[in-house]
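>>> Provided below for reference: sequence and predicted model.
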Amino acid sequence: MKPLMYTGVGLCGVGMVALIVGAVVDVDAADPWASVGGGIASLAGIALALYAQFAQSSAPATSGPQVSADGERSIAAGGSIGAATTGNGAAPASAPTPSAAPAPTPASGTVTAAGDRSIAAGGHIGSASTGDA
């Protein structure tokens, strides 16, 4: 995209120099050239705007959160977690009863549990235990 931008800037510079030279040499001759140059510049601007608007991005589109659990015994969830445990023989306390409040919106970004026995959630965590019993 940068070569395209530099080309556009270069063409604008050449056009300005040409119009200034034309205006100094012969004003009557510069008028039609300015009209033609303006028309070409406007068409190029429209084409560049359409290209920028509708060009395909090289990055894949994601529809939801990116969830990853990288550590040993780690847990990651894009939404809420009621109860979770990562320890040996450990049981988390029972998850709290859901309230009448509306469910939280799941995460729209990245949810990462990166360390050993880590727990991450894009929403709420009701109960969690990461130690051994």
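On my side now, so go ahead.
>>> got any ranges where the chain has weak pLDDT?
Applying pLDDT under 70 to the chain flags the ranges 1, 56-65, 90-108, 133.
>>> buried residues in the top helix by length along the chain?
Using DSSP state H to assign secondary structure, the helix with the most residues in the chain is helix 27-54. Neighbour-count burial for helix 27-54, counted by 16 or more other CB atoms under 10 Å, picks out Ala30, Gly37. (Each C-beta comes from the backbone N, C-alpha and C, glycine too.)
>>> start at 42 instead
In the new count, where the first residue is 42, that last one comes out as helix 68-95.
>>> residue boundaries of the helices in the chain?
Taking DSSP H, the helices of the chain run over residues 43-66, 68-95.
>>> Out of these, the one nearest Gly120 is which?
Of all the helices of the chain, it is helix 68-95 that lies closest to Gly120, at 33.4 Å by CB to CB.
>>> circling back: what is the longest helix of the chain packed up against?
For helix 68-95, the elements it packs on are helix 43-66, judged by 3 or more CB pairs under 8 Å, 6 or more residues apart in numbering; DSSP states H and E.
>>> Turn the helices of the chain into CSV, columns for distance to Glu113.
CSV is the format used below for those (distance: least, CB to CB, whole Å):
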stretch, distance to Glu113
helix 43-66, 44
helix 68-95, 45
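>>> now the longest helix of the chain and helix 43-66, what's the angle there?
Counting by axes from the mean of the first three to the mean of the last three CA atoms, to 10 degrees, helix 68-95 lies at 170 degrees to helix 43-66.
>>> Run the chain-centre distance for helix 68-95.
When distances are taken as CA atoms, centre = their mean, to the nearest Å, helix 68-95 is centred 32 Å away from the chain's centroid.
>>> What of stretch 154-168?
For stretch 154-168, the distance to the chain centre is 24 Å (CA atoms, centre = their mean).
>>> ends of that stretch, how far apart?
The straight-line separation of the ends of stretch 154-168 (CA to CA, to the nearest Å) is 16 Å.
>>> Looking at the helices of the chain, spot the one closest to Thr151.
Across the helices of the chain, closest to Thr151 is helix 68-95 (CB to CB), at 26.9 Å.
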